Every structure is written in structure tokens, then in C-alpha cells.
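Colleague: Here is my input; please provide its structure:
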Amino acid sequence: MNSFIPSNNYESLEEQDSLEDILNSIYKQINIIKNHSYFNHENSHFELEFRLRRKYVNINLNKFIDDNACQYSEYSYSENKTTRYRIIGHSIYPYIKNEKEETTTEENALNEFQYTDLSNLFNYLKNNENIEITNSLNHHIEYTKKLTLVTFYYFIFKISLSIEVSLDSTSIKHHLKNENKMEVVNENENENEIEDFNVNKSETKDFNESENEIEDTIQNEIEKENVVGNENINHNEVNNRCINNLKNKDMNKKYKELSISILKYITPIIKKRRSFLIKNDVRIDMTVFEDKSQFEIDFSKNIYQKKKDIIDIVHTIMLSLDCSNFILDYLFSLVPNFEFQKPITPSLDILYKEAKNLIENTFYVAAKTDGFRRLIIVINNLMFSISETFHVEYICQIKSNINIVFDCEYIDDVFIPFDIIYYNDDLRNKSYSERIGILNTLNFQEFNHKIVQKNIIQCSSFQDLQIISNTLTKNDNKLIPNDGIIITDGQSSYYDNVKVYKIKTINTVDLRFDGRYFYAKQHLIKKSNLNLTLSEYKKICQLYNKHKKYVKQQNNKNNFYYQKQVEIINDIPIKKRVVQYHLVREKKIPFIIEINLDTKTFVKERKDKYTSNSIYTFNSILIASYQKINIEIFSPSSTTLMRKYHNIIKQNILNKYKGNLLDIGTGNGGDIHKWKHFRKIVCVEPDHEKIKILKERISKSEIKNRISIIQNTIQNIKLKNIYNVATCFFALNDFTYTNISNMLKNIYKNISGIFSAIFFDYNLFTENIDSSSIIYKKCINSKNGNYINIIDKTSPIYLLSSLRYAHLECDNIMYINITNSYILNHYECGINSDHVKEIFEKFGFRVLNEYTIDSFPFLEKSQILYTSNIKVIEFSNINN
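Modeller: Residues are numbered from 1 along each chain as shown. Alright, predicted model coming up:
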């Protein structure tokens, strides 16, 4: 595991070539060289080597190699960047480790890194009929010249194609045999010889002998040919053969001199190695030297085997190791400064503010699958998943050679992408509409049934949203278990978290529990906010005790997770957000639990999470739970959004004023939380049952000491104090015109400021409403005065309504029934705003503001029509 994601290497990564393309290039190079006249097949061979890149895979082979090691000395001299001479000698097998040998620094690094688990690799060697050939290295002496032709990088491997020339090691064997008998050269002589060596190795040897020597040699060869009676002598062929013989003779002399110089003046590296042959004569070398572990796959003995076999072997070995460091670096090379997009749980206020933009921009709706969040990254034809904690897992191999990154949900061994953030280019700045367009062009059959296309539906109205929500909540839809819906603004980029909304079926939150208290990140959560029963709290405590026992058993293990660090660089012309993830060691495995805020119950332990939700997320979900925001708010029978919209209208009015408040027709007290900025509040409500609920709500309020209740009608109370503001919200329709006049006659002297009224204006009424969420009808035919058969003629309401209408106390009698509210089978007066204004003017009030309210796009058609009847009038009895 790297200390940071991404590591310092990610910026240097280039787009990955497929292994098949790399091998095609290699074999093309081999065919060119082996057919060249200068290539010597006798003492030269090609070497194809896959070497593990230590910066991406942190392995420790010490213990494995010490079990059956061969130790040797390696002398290495690089003539230039591509040419290297290597001498191997002093090979000892088996090597017995000295008990006094110090532990390597690599073994002491456990506090900083977790080494890659090599058990899968060792199992692979064991199961592939391997033959250990470590003993063949005993007393082995080797002198080679290696010319590196091409180098490629593939995932965690460095691939090198070289020509290796075996050189005469006779002089080396003699030198090593007598090495201990050699006299020690004094320091000055040593320096002179080193200088001579440096001069010699930099000189370019003239391999051509003098013209006279060459001519003499050629003439001798021709004479030999004549002696044997060859009449058709090829003089050019003889010339070339003689020149090559002379060159080889001179080269051998040079190599002998060079080998002795290397042995004298190059300090050898002491290495320990174990070697294996697996199927198809593929060689595996595992070497330890200094503080490094090195792993190599060598195809030299069978370099012409099928490409598919090479690919299979390399992939199998690569995937038996942990290549997550490379995968994560490669991810960040494709999408720098990556952060998982975090949808927000919106309050009704946010939905109210954003509804119009969503309709205008076009929005998309998809089921929120009850699974795990994953990224899918396809590199060439290998597919990997990446969790939110940056755990990397290999999935499968596909046929297509592509680079792509999906944002997915994972459930039942299937990945369901809801976004695409890379496809030949970084797509995060593109709009969601564009990204979905790209997603829909893909052929999902290419992903071996591991990726299933998600049904993401484009919407342009609230009715579209209702239809989708209704479909998703049907019990017969069992294709994909869902946990609500995700609404995404069509114009939003991947960076726009605030334009992606998560509406859940159940409002749950992930918190950390320490045996006594609950936390969102580092913020303490009051138990009163969770309101858990004692039995639920005991259940959590019992699970926590089991968790503690498990933690004690894991004391010797290091528990790591990645913590996000964000740095804002004030760059010109824009600010730059630099994102990095720091590896943090957790001394204790945190106990994360999921709590249902709707039902105040424990759901489950989240063993898949290392951190809890943030305090911001907790608060947003808590508000959503309080406001009863879930997928049901989009059902045709729900009136939650409409009632919230009406509450927002009231809140906006109250926010403009302060001082003492007189609230007329308080009802059940749904507006208490809107009064926090008033100094004193008096509630007038005659209904005994409603006052019970009102008192209970006041008792739980932060401003309960500022609120008092008068149980009476507004026409009959006696007020002593003066009020800056009086409000009558949706209660004025319970009054006749006479009732309104008597109210003002009784209280107008106690009001010095504003009287704000919200009511249904009969002037705005256009048609009856009859839907699953709301019924709003007139009871009397205005043309002939006949009753429409709504009111039971035997009831007192019928008689009272008849008298009111007959005496012109109202314009009509209205029947109203709002689903899931306190307004059920209710009758009220149809009053018009013109008459209401006339009454207020008689008592010294003038109209300060008068308006109808704008349509809210996220309402069902019948609710939009119902809301269109609302009139707001703010009166004032103060000059200016």
C-alpha cells in the first residue's frame, strides 16, 4: 500500500498499451534482427524478461529465498545506456544464513507499508508443475554482454527485449580461482590502473588490422582454396570470412582484458536467488540483494511460444500479486484529483429552490440500488473494481481493448453504472446529459455479463418523475432491489454534488459508536436527535461488545484506511483543488452502525465502512426524516411537497418582520419553528383537540417560554398588549365576511403594524378539483343557487351553510379534503379578496402587498390548480 494516493509516479504514466500490441512490436523487432547477417546464432540469443516494478508492488522475499538460496557475486559494468557486461561468480548452493546477520531494512519497514501477500503467487508456482533449478546455480560462472533493444511498461512489469551474448569465461575462472593468492596492489598503482581502465573502456577499438596483414591473410586463404582444386573461387566470400575471423580474434582479446578489469575494479553485489521452471520452460527468478526484493519472468528459453500463452502466464502471475498501487495511480492519471461524487439528501427547501432549474435543464431519474458504491476501471482488456476505501479487486478479462471508468453500484456480483467519467478522455466536466449519451452508445455485451446497463430515464416534468417513482415502488418490480431514487440535473458536471439528489426509501445514516456516544466523523451526536428506545440502544451496545472482542483478536494486525486531504491553490485564472488520500493507521477498528432515522431503530453494523457520515450529511438526512422526505413524496396521493411549498410562503412572509406576534387560528402549531425571531407570541385557537397537539409541540420547542395560548375565538378575546404583527394563515376561509368584520372590530386597536393574511380567493376559482391527493369543490351552483349533492342535508353543516350563503356571508361553501393531512372532509367559506379589502379598509388598514403565488414545478397538476387559488395580502395600519 502506498502512503499516498496517488503516488509521485502517476503523472509520468502514459496510456497503457495492450500486452498483445507490445508482444507484436517485440516479435517484429526479433524478426528484423535474427534475419540480419551480423546476428550470430551460435553464441547470441534473445532474452524476453518481465521484471516486477518495485515502486508499484512492495514484496519481501527474504524468508522465502533463505529457505533454499543460492548466493553469488554479480559484477556489472554498463558501457552505455543499452549495453551492459555482467559476470557471475562465487556461487554457493545451498546458502546457509548466518544467525548473526542483521534483519534488512525492508523487514523493518512494516510500520510504513503492508507487504504484498505472496501466498497466491506461491500457490501458482506449486500448482504449475514447477521444477526448482536453484541448485543448478552452484559454482556457476557466467560472462555475458547484454544489449537492450526495446523497453515497455505494462502494469506492474518492466518488459525488456535484449540480445545476450555469451562470452568466453576461461580467464574469469582462472582469475577467480587464484583471486585469494593475488598480491594487494598499493593505492597509487591501483589508482593508475583504474585510470587506465577508464581510458580503455572509453576507447573505440579499431578492429581492422593493417592492410598488409589482411591482404596476407586473404592471399593464404585463396592459395588454400586453389590447393583443393576449387576452380570457381569466390574472392568476396573469402575476403569477408577472413576479415570476420580477424575481428573475432581481436574482440575475444578485448573481452578477456575487459573481464579482468571488471573483476579487479568493480565492487560486486552479493545476491541470493531461487529459480524455478514452470510450464513451457518459463523461468521464474526471485532475488534478494541489499534491501531489495526482485521478481522476474524470463521467456528466453522459449521465446517463440504462442502470444496467448505468454499473455496468460503474465496475467495470472500479475493478478496473483497486488497491483492496486498501479491501478490507483493509473486511475489518477486518467482523472486527476479524483473524488467520489456525493449526492446530497435534499431538504424540501432545496427541492423548492432547484425544481425550476431541474425542469428547465432536463433531469434524469434512476433507481438507487441498495448495494455498494464502486468504480469500474477497464485498462486495455482487464477490468478492476475500486471501492470507496480504494480497495482494488480484479474482475475479469474482456475482448475489447479500451480505457474506461464507470461510477457504479455493486450488488449480487453485478456492477450497475449510473455514470461514466472516462472514455478516451476525462468526461467529468461534460454535462450529465452528454455523459449519459456516451454511456448509452456502449455495447454492454462486451463486459462478460459483469456490467448491466442501468435504466436512467430523462424527465422534463414532475409528471414524468411521478410515473417513474410509482413504477419503482411497485411491489411487482423485483428486477433490481432499490433504495430510493437519484435525481440528477442534466446540465451538472461530475463535480456538481449539489445538483445530484438522493431521495431514499428510508432515511438512514451511518454513525460511529464508541460504546457510549454516537459520532458523525468527530462531531458528537446528541441521543435526543436519534431518539432511540432503550431496547434499541441495548442492542447496539451488545453488538459493540462483540466488536471489542474481535478488535482484541486483531491487535497484531495493522488496520489502514485512506483519509482525504484537499488543498486549494489560488491559481490564476481559477482556483485549483488538489486532492490526495493519505494512508492512516487505525489503532482500533471503528464500530460503524446504520440507524433508521424515520423509525428510530438500529439497522445493521457496517463492516464495509471505516468512517461514518459527515456532520453535514447527518444533518441533511435528519432534516429529510423530520420533513418526511422519501420516495413517497412523488406518489400521486402525496401532498408533502404542496404543504411544504405553502409553508415556505408563510416563512418568507414571517422573515420580514419581528417584535410581538399575534397568530390567529394557530391550529396544531405547524408554524412554531418559524417564530424563533419574534420576542413574544400569542396563539389564538378555539378548537380543544387542536390545542392538545399545539401544547405538546410547544413543550418541545426552544422558544416555549415565549409562547402563550388563548383558547377562544378571535372575535371574543380581550387583548391588553400591542402587537407589531398579526397573522391569519389559511384560517380566514373559516370566517364569514361578518366574522372578519367582528374580528377587526375587536383587535384593530391592539395591532400597530402589519396584518398578513393568506387565504383562498374565490375570485381565482376556475374549476372543481378531484384527484387522489386533493378534492376542492364548490357546494353551491352559483348560477341557480342550488346545492350540489356534497353536504349531507341532515347535518348541522348543511343548515349553517344555507344560512351563510342566503345572507351573503360568503360567496360559496367549499368542500376540501387533503390526503394525509389534518384537513379531512372540511367545509369552508368561499370569500373574495375585493370584499375582504373593503372590510380591512373600514378599520384603518391599507394594502401594503397583494399577490398570488408562483407555480411550483414539483407539484401534481391538481395541486398546482389548488395552489393557484391562494392570495396573499399584507395590510398595514401605520402611515409610511
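Colleague: can you give me the helices for the stretch 651-800 of the chain?
Modeller: 688-699, 737-747, 796-806 (DSSP state H, counting those that start in this stretch).
Colleague: which of the ones you listed is buried the deepest?
Modeller: Ranked by mean neighbour count, the helices of the stretch 651-800 of the chain are led by helix 737-747 with a mean of 19 (mean count of other C-beta atoms under 10 Å). Every C-beta, even on glycine, is put in place using the N, C-alpha and C of the backbone.
Colleague: Outside of that helix itself, list whatever touches it.
Modeller: 662, 664, 714-717, 719, 726, 732, 735, 808-810, 831, 835-836, 839-840, 842-843, 845 (C-beta atoms under 8 Å, 6 or more residues apart in numbering).
Colleague: can I get the CA coordinates of that helix in PDB?
Modeller: Taking C-alpha atoms only, helix 737-747 is exported to PDB below (Å, rounded to 0.1, in the frame of the first residue of the first chain):
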ATOM      1  CA  TYR A 737     -67.500  38.400   6.000                       C
ATOM      2  CA  THR A 738     -69.200  39.300   9.300                       C
ATOM      3  CA  ASN A 739     -66.800  37.200  11.200                       C
ATOM      4  CA  ILE A 740     -63.900  39.100   9.600                       C
ATOM      5  CA  SER A 741     -65.500  42.400  10.400                       C
ATOM      6  CA  ASN A 742     -66.100  41.500  14.100                       C
ATOM      7  CA  MET A 743     -62.500  40.200  14.400                       C
ATOM      8  CA  LEU A 744     -61.100  43.600  13.200                       C
ATOM      9  CA  LYS A 745     -63.600  45.500  15.400                       C
ATOM     10  CA  ASN A 746     -62.300  43.500  18.400                       C
ATOM     11  CA  ILE A 747     -58.500  43.700  17.800                       C
END
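Colleague: how much does that helix deviate in direction from helix 796-806?
Modeller: 90 degrees (axes from the mean of the first three to the mean of the last three C-alpha atoms, to 10 degrees).
Colleague: What average pLDDT does helix 737-747 get?
Modeller: Confidence for helix 737-747, expressed as mean pLDDT, is 95.
Colleague: List only those of the contacts of helix 737-747 flagged as buried.
Modeller: Among the contacts of helix 737-747, those classed as buried by 16 or more other C-beta atoms under 10 Å are 662, 664, 714-715, 717, 719, 726, 732, 735, 809-810, 831, 836, 839-840, 843, 845.
Colleague: Now do the same for Tyr27: helix, strand or coil?
Modeller: helix (DSSP: H, G, I helix; E, B strand; the rest coil).
Colleague: Not counting sequence-adjacent ones, nearest residue to it?
Modeller: Lys307 (7.8 Å; C-beta to C-beta, 6 or more residues apart in numbering).
Colleague: and stretch 849-865, average pLDDT?
Modeller: Rounded mean pLDDT across stretch 849-865 is 91.
Colleague: And stretch 553-562, by the same measure?
Modeller: The model assigns stretch 553-562 a mean pLDDT of 68.
Colleague: okay, how far is it across that stretch, tip to tip?
Modeller: 23 Å (C-alpha to C-alpha, to the nearest Å).
Colleague: Kindly report the same for stretch 595-612.
Modeller: Start-to-end, stretch 595-612 (C-alpha to C-alpha) is 11 Å.
Colleague: who touches that stretch?
Modeller: 372, 387, 389, 506-512, 519-521, 530-533, 536, 539-540, 543, 547, 561, 586, 590-594, 621-622, 625, 630.
Colleague: Give the buried residues for that stretch.
Modeller: Result for stretch 595-612 [16+ other C-beta under 10 Å]: buried residues Ile595, Asn596, Leu597, Asp598, Thr601, Phe602, Glu605, Arg606, Lys609, Tyr610, Thr611, Ser612.
Colleague: one step back: just the ones of the contacts of helix 737-747 in strands?
Modeller: Counting by DSSP state E, these place Leu662, Ile664, Ala726 in strands.
Colleague: hmm, back to that, let me have the helices of the stretch 651-800 of the chain in JSON lines, adding distance to Asn252 as columns.
Modeller: Output for the helices of the stretch 651-800 of the chain, formatted as JSON lines (distance: least, C-beta to C-beta, whole Å):
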{"stretch": "helix 688-699", "distance to Asn252": "103"}
{"stretch": "helix 737-747", "distance to Asn252": "120"}
{"stretch": "helix 796-806", "distance to Asn252": "121"}
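Colleague: What residue, apart from its backbone neighbours, is nearest Lys777 spatially?
Modeller: Per C-beta to C-beta, 6+ apart, closest to Lys777 is Asn768, 4.2 Å.
Colleague: center of this protein, which residue is that?
Modeller: Phe340 (3.1 Å; C-alpha atoms, centre = their mean).
Colleague: What values do phi and psi take at that residue?
Modeller: Torsion angles at Phe340 (phi, psi; degrees, to the nearest 10) stand at phi -60, psi 130.
Colleague: wouldn't it be in contact with Glu388 here?
Modeller: Yes. In terms of C-beta atoms under 8 Å, Phe340 counts as a neighbour of Glu388; the distance is 5.9 Å.
Colleague: Quickly list what's touching both of these two.
Modeller: Joint contacts of Phe340 and Glu388 (C-beta under 8 Å, 6+ apart) are Arg373.
Colleague: quick one, helices of the stretch 351-500 of the chain?
Modeller: 432-441, 462-472.
Colleague: Leu427 against Ile438, yeah?
Modeller: Yes. Leu427 lies in contact with Ile438 (C-beta under 8 Å); the separation is 6.8 Å.
Colleague: of these two, who's got more company?
Modeller: It is Leu427, of Leu427 and Ile438, that has more neighbours when counted by other C-beta atoms under 10 Å, with 21 against 15.
Colleague: remind me which residues of the protein are low pLDDT?
Modeller: 1, 98-114, 129, 177-250, 473-482, 554-558, 571-574, 789, 793-795, 880 (pLDDT under 70).
Colleague: quick revisit: between the helices of the stretch 651-800 of the chain, which gets nearest to Tyr432?
Modeller: helix 688-699 (41.0 Å; C-beta to C-beta).
Colleague: number of nearby residues for Tyr410?
Modeller: Tyr410: 17 neighbours (other C-beta under 10 Å).
Colleague: Quick check: it touching Glu388?
Modeller: No. Between Tyr410 and Glu388 there is no contact under C-beta under 8 Å: 10.8 Å.
Colleague: got any residues that touch both of the two?
Modeller: Contacts common to Tyr410 and Glu388, judged by C-beta under 8 Å, 6+ apart, are Arg373.
Colleague: beta partners of Val872?
Modeller: Assessed by DSSP bridges, Val872 has beta-bridge partners Ile758, Tyr851.
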